[in-house]
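1. Just to be clear, the model below is a prediction. Sequence and coordinates:
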Amino acid sequence: EEATWQMHFEDLRKFKTTNGHCRVPHRFEENATLGGWVSAQRKMYKDMEEGKPSKMTVNRAQALESLGFEWIVKKTNSNGNKAWHRRFNDLLKFKEKTGHCRVPRRHGENASLGMWVSSQRKWYKRLKDGKPTQMTAERVDALESVGFVWNCKTK
């Protein structure tokens, strides 16, 4: 059993190296059992935390955490994610034309892009304030990687 756990742990380490995170899809085609194993780790951890019988150990939990394993993963609305990426691509096109990401709120060519950018700032502020938000660390990283300005108040 320990050898099997270690084998899956190594598969997860490789997944993290390739993908930058440990959120393996439940139906991961490249390794059909890894997604189920990851789900099982979360369930065993929850059982351990609640004092229920569990095969999770403190050492295993620490090993998973050393990879940046998340015990609670928020389900993302895949349609919402697609819409977000569509807008992000619009932002990239805007930056290509203008050299910056400071889209006016009422941007003539694509008015909804200006509103989307404004919403990103609002959701980011909520994230920083510890409030419920649609902003994720991945989205922050993506926006910052293209030079997104979080606070562009002009004086």
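-> Cool, got the structure.
2. And the worst-scoring helix or strand of the chain on mean pLDDT, what's buried?
-> Scoring the helices and strands of the chain by mean pLDDT, DSSP states H and E places helix 78-98 at the bottom, with a mean of 84. In terms of neighbour count (16 or more other Cβ atoms under 10 Å), helix 78-98 has its buried residues at W84, R87, F88, D90, L91, F94, K95. Where you see a C-beta, it was placed from the backbone N, CA and C, and this is true even at glycine.
3. correct me, but the fourth one touches N110?
-> Yes - if you go by Cβ atoms under 8 Å, D90 and N110 touch, sitting 6.0 Å apart.
4. ok, back up a step: what helices and strands are in contact with whatever helix or strand comes next after the least confident helix or strand of the chain?
-> Following helix 78-98 in sequence order, the next helix or strand is helix 111-128 (DSSP states H and E). Judged by 3 or more Cβ pairs under 8 Å, 6 or more residues apart in numbering; DSSP states H and E, helix 111-128 is in contact with helix 78-98, helix 137-145.
5. Quick one: closest of the ones you listed to H21.
-> helix 137-145 (7.7 Å; Cβ to Cβ).
6. quick one: the residue positioned nearest the centre of the chain from N110, how far?
-> In the chain, the centroid-proximal residue (Cα atoms, centre = their mean) is E138; its distance is 4.3 Å. Look at E138 and N110: by Cβ to Cβ, to the nearest Å, they are 23 Å apart.
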